[in-house]
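Participant: Got a predicted model here, sequence first, then my questions.
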Amino acid sequence: MRYLSILSIIIIFILLYACGGSEMEQGDKSYAGGNYTMAINHYLKFKKEHANDSLINKKLALAYFQKGKELYGKTKNIKSFSGNFSKAERYVDSPQDDPGFNKTYSGLLYDLAMAYHNSRPENEVQKEQFFTNTLDYLNLALEFDGNNTQAEEALQKIYDENFEAMFNKGLDLYKRAGREKNNDLYVSAEYYLTRADHFNPGDPKTEEYLSKVRRKTLSILRNSGPVSFCVVGYKKEKGYFLADITASNFTRQTLEIDPQLFQLELDDGSLINVDGKKTADYDNALTEKTTIEPRKLLDGVLAFKLPPKTKVLTMIYTNSDGQEVRKYFP
């Protein structure tokens, strides 16, 4: 019996040695050999015993990402790439204190962005999603590694190629909206001109027409929701910014509007909350939470204390679910 026990121990040590040591070490060998599924299995087993190990999280993130890239290379199915990237994000979602890891992860983000860029969408909605994902992942690649020249060059190329198309589309819609007296076209024009401004910030023509179209859309109440609002009028008065707003409930249920959830975004990046005390000085002041019945409107005045030498860019309403509605000032 003693002989069998000693033999059993020897066999266990031999098996452990043959397997290459710990689960992490075995995972590293599988990863180096391009067997990412096996690497993930070993890493997950290691993580069960080392839940807070930051190194194993980075290894899992890279293994999942590499697995997705490999599957995409074989199938050209973007879902296999993006699905494994979603799993990688569970373990790493921001740059680490590890330049080597950040560089590798950035390179994989570039590969994912290019996969979206080169994939053929099935419809217009998917086309927009693929385009947005391409830009998002290129920007994220640069967050992880600011020296990723591939990502920087690809992003600039896309911006250059799309700026003119976005500007011309927005300009055409703006002119049509004026001819046809169609508010929906103004909203669409604002979308395209905003995209053009994003692609080529500071372009004088884009800023000129974006300002013009926002003079129109500021007071347009869009049928979107659940809550929508517009700014009917506004002015600066003795250090305060006064806004006459109209809000609407586009649902079939009663909703609540809380004036404290309105904010102004200024050109210095700061956010200004409603000044309830000053608001109360005006007729039709919106000072308390108010319910809106389905398909009904709510009018009210809001006052904000405005720091000197600042410009108001946007009014924002953030509902209880964290959803934002924005109105841009010209």
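Facilitator: Cool, got the structure.
Participant: distance of Lys236 from Tyr282?
Facilitator: 14 Å (C-beta to C-beta, to the nearest Å). Where you see a C-beta, it was placed from the backbone N, CA and C, and this is true even at glycine.
Participant: Between these two, which is the more surrounded one?
Facilitator: Neighbours per residue (other C-beta atoms under 10 Å) separate Lys236 from Tyr282, with Tyr282 holding more: 17 against 11.
Participant: hang on, that one in a strand?
Facilitator: No - counting by DSSP: H, G, I helix; E, B strand; the rest coil, Tyr282 is not found in a strand; it is coil.
Participant: who touches it in this structure?
Facilitator: Leu242, Val301, Ala303 (C-beta atoms under 8 Å, 6 or more residues apart in numbering).
Participant: Show me the strands in the stretch 201-330 of the chain, by range?
Facilitator: With strands called from DSSP state E, counting those that start in this stretch, the stretch 201-330 of the chain shows them at 227-237, 240-249, 255-257, 262-266, 271-273, 290-292, 297-305, 312-318, 324-328.
Participant: Just the mean pLDDT for the fifth one, thanks.
Facilitator: So that's strand 271-273. In this model, strand 271-273 has a mean pLDDT of 95.
Participant: quick one: contacts of it?
Facilitator: With C-beta under 8 Å, 6+ apart, strand 271-273 has contacts from Phe241, Gln260, Phe262, Gln263, Leu264, Glu265, Leu266, Phe304, Lys305, Leu306, Pro307, Ile316.
Participant: follow-up on the earlier one: for Ala63, which of the strands of the stretch 201-330 of the chain is the nearest?
Facilitator: strand 324-328 (35.8 Å; C-beta to C-beta).
Participant: Make a ChimeraX selection of the buried ones in the contacts of Tyr282.
Facilitator: Only the buried entries of these go into this ChimeraX selection, using 16 or more other C-beta atoms under 10 Å:
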select :242,301,303
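Participant: What is the nearest of the contacts of Tyr282 to Tyr192?
Facilitator: When these are compared for distance to Tyr192 (C-beta to C-beta), Leu242 wins out at 31.0 Å.
Participant: Would you state the strands of the stretch 1-150 of the chain in chain order?
Facilitator: Using DSSP E, counting those that start in this stretch, strands in the stretch 1-150 of the chain do not occur.
Participant: List buried residues within the contacts of strand 271-273.
Facilitator: For the contacts of strand 271-273, buried by 16+ other C-beta under 10 Å: Phe241, Phe262, Gln263, Leu264, Glu265, Leu266, Phe304, Leu306.
Participant: Tyr209: which of those residues is nearest?
Facilitator: Looking across the buried ones among the contacts of strand 271-273 and measuring by C-beta to C-beta, the closest to Tyr209 is Glu265, at 21.2 Å.
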